[in-house]
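> From the sequence below, what's the structure:
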Amino acid sequence: MFTELSLLRPKRLRRANFSRADFLTKNENALIKPALFDFCYELQRKGRITPHDIKDLVKNYHADHAVEWYQRENFIFQCANEALNTGNIEHIYLLRHYITDLHERICTSKHQRTGLNSSFPKTEINASRCILYRVIRLSEHERKTLQSLVGQLVTNKSFMSASRSKDVALEYLSQKTQTLESNLLLFEINIDLNSSVILDTGISTSEHELLLDFGIRFRVTNCEFDTKDNVLVCGLETTIAEPAFIQQSALVSLNDCLLKLNSYENDDTRINTTIYDRRPHSARISEIKSLSDNTNRELPFTSRPIEWAHVLQIKALVEWKQKNLLKLSNEWIQAIQIYAQCDTKYHYDDLHIIYCLNNVGYIFHLFGKDSLAIQLIKTSLIICRRQLLAEQPVFAQSCRNLGYVFANLGDYKTALDYHKRAIRVTRQSSPSAQWTTVLTLRNMGDICHRSGNFPQAHIYYRKAADAHKKCMDIFIASGYLEFVC
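This is a model prediction of the structure:
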C-alpha cells in the first residue's frame, strides 16, 4: 500500500515534507516486491501457476521488460488486467509492481515513437488521429448496456491491446464463434497519436499491435450493426471532456464528503452481511457481487461514477513515483468527492474508499494537517467496522496510519494502542503482510523510544528483528531471496 512502510523515527530526525516523501518512496520500493511474491505464492498454492512460473518471474522480470511480459500473455499480465477490470483493489495493491511498470512504459514512450505517426492510416478529420481496432465478446446484457452509452463519456478500466489493421481485427473476429449467449463486437477507436496513452509494442508482424493505457476518456459515438462486415461495431473517440458528475462533485467540500461517508454507517438500505456471518472475507465478497444485478464488471468500459472513481484512485496509486504529493492528494480527493455522491452499497466499493482515505490521510499528515488526517483515517476505520473488515489487513493499515499520526503529535499512549490493534491483525495474515508486522513492531519501538521507555523499545525492536528473520526465511526456503533483495 502507499503508506504501508511508514516507519517512525526519533523526534530529532523528523524532516521536511520533501525528505519524508523521499523516505516514503524508498520504503514503498521495499514492500512492493514482497507483495507481488505473496500474490504469486498464493496462486501456486491454489494450483493456478507452477513453481517454474514464479522462478521465471524472479529471474527474468525487469521493469524495462514490462511490455515484453505483456506480449507473452503470461499469468502476471492476465491477473493484473483481471484485477483492474473487476476493480479488485486488494489484488491491485499486490500486483501494483507490474501495473506501475507497464503504466510507466506507456507514459514515457511518447518520445520513442519517432516515425510511428507515418505508419498509421489517418482519419479524414484530423491528421494527428487514427483508427485502432479491437474485438471482444459481449453478453447480451453487456451489448444492451453498451448501446445505452452512445453519446456518453466512458473510461477503460484495464489495459487494452488494439490493432492498426481492420483486416487483422476482422480475421481474428472470423476465428471466434458467436453464440446465443454472447455477441462479437468490433471496437473502432479514434485516438490521438500525440497522447501519452498509447504504446507501440514493437511487434514487426502484420498484426501491428498497440497497447492502450487504462483510464483513457472516450466518447461512445455509435453502436450499430455493420451489414458490410457482418459485425456489431462500436465507435469510441478519445476526449479531454469531463463527465458532469465530476464537475458537480468538485463543488462538495472534503468535510461534507466525510460526513456523507460516515452517515452510511447506520443506513439499513445498504446490502451487507449480518454480524453473525463469519465466513472468509472473499466468500462474502462473492455473495455481495452476485447481488449486484445492475452492475456489469466484465465490460472493459464504464460510465458509472463509482467505477470512474475507482479508476481515478488506481491511476493515482500507480503514478505515485511520477507526481508530487500535492497533485496526488488532489486526485485522491477528487475520487473521494465522487464516492461521497455515489450509492456505495457493496463491499468492493467500500474497500476502494478505505484505501483512498488512508492514502489521502497520510499525505495530509505529511503536509502538517494532522486534524484532517485523523478525520480521514478514522472515517476509513468506521467503514472497516461497518463492513466487518476488522480482521483484515486494511483495518490494520488504518490503525497503523492513525497511530503514526498520533505519535508525531506526541500522544504516544494513543499511538501505541492503535499499533497494538494493528499487530493483532497482521500476525494472522499472509507472508507479505508479515512485513507490515515487522514495520508495526518497529513503529512501536520508535514510539517507546520517543516516550523515554527504552527497555520496552528494546523489546519491540527485538520482536521486529525476529519477525524480519521469519519473513526472510520464507524467501530463502522458497529460493526467491534475490527477488526482494
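
> pLDDT at Pro10, what is it?
Here, the pLDDT recorded for Pro10 equals 43.

> Over to the one 10 residues further on?
You'll see Arg20 listed with a pLDDT of 40.

> Please parse the chain into its domains.
Following automatic domain parsing, one gets these domains for the chain: 11-31+244-484, 112-238.

> deepest of those, which one?
Highest mean neighbour count of the domains of the chain: domain 11-31+244-484, a mean of 18 (counted as mean count of other CB atoms under 10 Å). For glycine as for every other residue, the C-beta is placed from the backbone atoms N, C-alpha and C.

> How far off centre is that domain?
The chain centroid and the centroid of domain 11-31+244-484 are separated by 13 Å under CA atoms, centre = their mean, to the nearest Å.

> Show me where the stretch 101-250 of the chain has its helices.
Secondary structure of the stretch 101-250 of the chain (DSSP state H, counting those that start in this stretch): helices located at 140-147, 166-174, 244-249.

> I figured Val438 was touching Met472, is that so?
No - assessed by CB atoms under 8 Å, Val438 is found out of contact with Met472, at 9.9 Å.

> Show me what Asp226 bridges to in the sheet.
Per DSSP bridges, the residues bridged to Asp226 are Val231.

> Verify the contact between it and Val233 for me.
Yes - taking CB under 8 Å as the definition, Asp226 is a contact partner of Val233 at 4.6 Å.

> Now do the shared contacts for these two.
Leu186 (CB atoms under 8 Å, 6 or more residues apart in numbering).

> Chain neighbours aside, what residue packs nearest to Leu381?
Nearest non-adjacent residue to Leu381, counting by CB to CB, 6 or more residues apart in numbering: Ser398, 4.9 Å away.

> Any figure for the gap between that neighbour and Arg143?
Ser398 sits 41 Å away from Arg143 when distances are taken as CB to CB, to the nearest Å.

> and what of Arg304?
For Arg304, the distance to Arg143 (CB to CB) stands at 17 Å.

> Which positions in the strand or helix carrying Val58 come out as buried?
According to DSSP states H and E, Val58 maps onto helix 51-60. By 16 or more other CB atoms under 10 Å, the buried positions in helix 51-60 come out as Asp53, Ile54, Asp56, Leu57, Val58.

> same for that helix, what does it pack against?
Applying 3 or more CB pairs under 8 Å, 6 or more residues apart in numbering; DSSP states H and E, we find helix 51-60 packed against helix 17-45, helix 481-484.

> rank those by mean pLDDT and give me the bottom one.
The minimum mean pLDDT among the helices and strands packed on helix 51-60 belongs to helix 481-484 (a mean of 58).

> Run through the stretch 301-450 of the chain and note the low-pLDDT ranges.
Across the stretch 301-450 of the chain, the ranges flagged by pLDDT under 70 are 321-323, 344-346, 429-433.

> Which residue ranges of it form helices?
Using DSSP H, counting those that start in this stretch, helices in the stretch 301-450 of the chain cover 305-318, 325-340, 347-366, 370-386, 393-408, 412-426, 433-451.

> Turn the ones you listed into TSV, including distance to Gln78.
Converted to TSV, the helices of the stretch 301-450 of the chain look like this (distance: least, CB to CB, whole Å):
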stretch	distance to Gln78
helix 305-318	17
helix 325-340	26
helix 347-366	20
helix 370-386	30
helix 393-408	24
helix 412-426	29
helix 433-451	24
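
> closest one to Asn183 among those?
Set against Asn183 and scored by CB to CB, the helices of the stretch 301-450 of the chain come closest in helix 305-318, at 21.7 Å.

> for the closest one, packing partners?
In terms of contacts (3+ CB pairs under 8 Å, 6+ apart), helix 305-318 is packed against helix 89-94, helix 96-107, helix 244-249, helix 325-340, helix 347-366.

> who touches it?
Residues from elsewhere that reach helix 305-318 (CB under 8 Å, 6+ apart): 2, 84, 87, 89, 92-93, 96, 99-100, 103-104, 155, 157, 214-215, 243, 245-246, 249, 297, 302, 323, 328, 331-332, 334-336, 338-339, 341-344, 349, 352, 355-356, 359.

> Leu132 is nearest to which of the helices of the stretch 301-450 of the chain?
Leu132 lies closest, by CB to CB, to one member of those: helix 305-318, at 19.9 Å.

> From Ser398, how far off is the nearest residue to Leu416 once chain neighbours are set aside?
Spatial nearest neighbour of Leu416, excluding adjacent residues (CB to CB, 6+ apart): Ile447 at 5.2 Å. Here Ile447 is placed at a distance of 17 Å from Ser398 (CB to CB).

> got it, and Arg129?
For Arg129, the distance to Ser398 - CB to CB - is 45 Å.

> With His97 instead?
As defined by CB to CB, His97 lies at a distance of 23 Å from Ser398.

> do the same with Ile382
From Ile382 to Ser398 the distance is 10 Å (CB to CB).

> Same question for Lys33.
Taking CB to CB as the measure, Lys33 falls 24 Å from Ser398.

> swap in Pro243?
30 Å.

> Quick check: pLDDT value at Leu211.
The predicted structure scores Leu211 at 87 on the pLDDT scale.

> list the contacts for the closest residue to it other than its chain neighbours?
Take Leu211 and drop its neighbours on the chain: the residue closest to it by CB to CB, 6+ apart is Leu199, 4.5 Å away. Contact analysis of Leu199 by CB under 8 Å, 6+ apart lists Val67, Arg105, Ile106, Ser109, Leu210, Leu211, Leu212, Asp213.

> ok, now with 7 Å
With contacts defined as CB atoms under 7 Å, 6 or more residues apart in numbering, the neighbours of Leu199 are Val67, Arg105, Ile106, Ser109, Leu210, Leu211.
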